[in-house]
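>>> coordinates only, no sequence provided:
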């Protein structure tokens, strides 16, 4: 009896797992562009490459990404970790509100600076297909740098969503 009960529970739990089909991807890769407008220094343009995953369904999405932006005599790498609350607007549209820390590495006219910043973002996702395999995103954000000059900027990222099964 002692050996049979754990073996039966193991078999039943494996059978339940085999019947469960999870269509949610393990992560979503975002590939796109970004425009940033610094309040003091003007605009810059670059790329955007974050990866998003869901630790708590319908409550928490996490995004880790980097955005290199370029302006005359300036290169800036923004690397962030956003904690987002998702809302499903329809079968094809989602909205997320996120906040989190950001590391800003700037090289301007031969001088390099590293700063910690905070970021607030809205993330709109549109999935045209029923399977949520490929879609589009638009993400406006506000950044506040705690380091040198306490810089503030507004940015917009956009591009392609690719689900990672």
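Thanks, I have it. Everything numeric in this text was worked out from a predicted model, so none of it was measured.
>>> low-confidence ranges in this protein?
1-22 (pLDDT under 70).
>>> what residue is smack in the middle of it?
The residue lying closest to the centre of the chain (CA atoms, centre = their mean) is residue 63, at 3.0 Å.
>>> hang on, it packs against residue 80?
Yes. Here residue 63 lies in contact with residue 80, judged by CB atoms under 8 Å, at a distance of 7.4 Å. For the C-beta atoms, the positions are set from N, CA and C on the backbone; glycine is no exception.
>>> who's in contact with the host helix or strand of the residue nearest to the centre of the chain?
Using DSSP states H and E, residue 63 maps to strand 60-71. The contact list for strand 60-71 (CB atoms under 8 Å, 6 or more residues apart in numbering) reads 30, 34, 36, 41-55, 75-86, 96, 98, 100, 123, 155, 157.
>>> next helix or strand past it?
strand 74-88.
>>> re the thing from before, in the strand holding residue 63, what counts as buried?
For strand 60-71, burial by neighbour count (16 or more other CB atoms under 10 Å) applies to 61-63, 65-69, 71.
>>> what of stretch 39-54?
Under 16+ other CB under 10 Å, the buried positions of stretch 39-54 are 41, 44, 46, 48-50, 52, 54.
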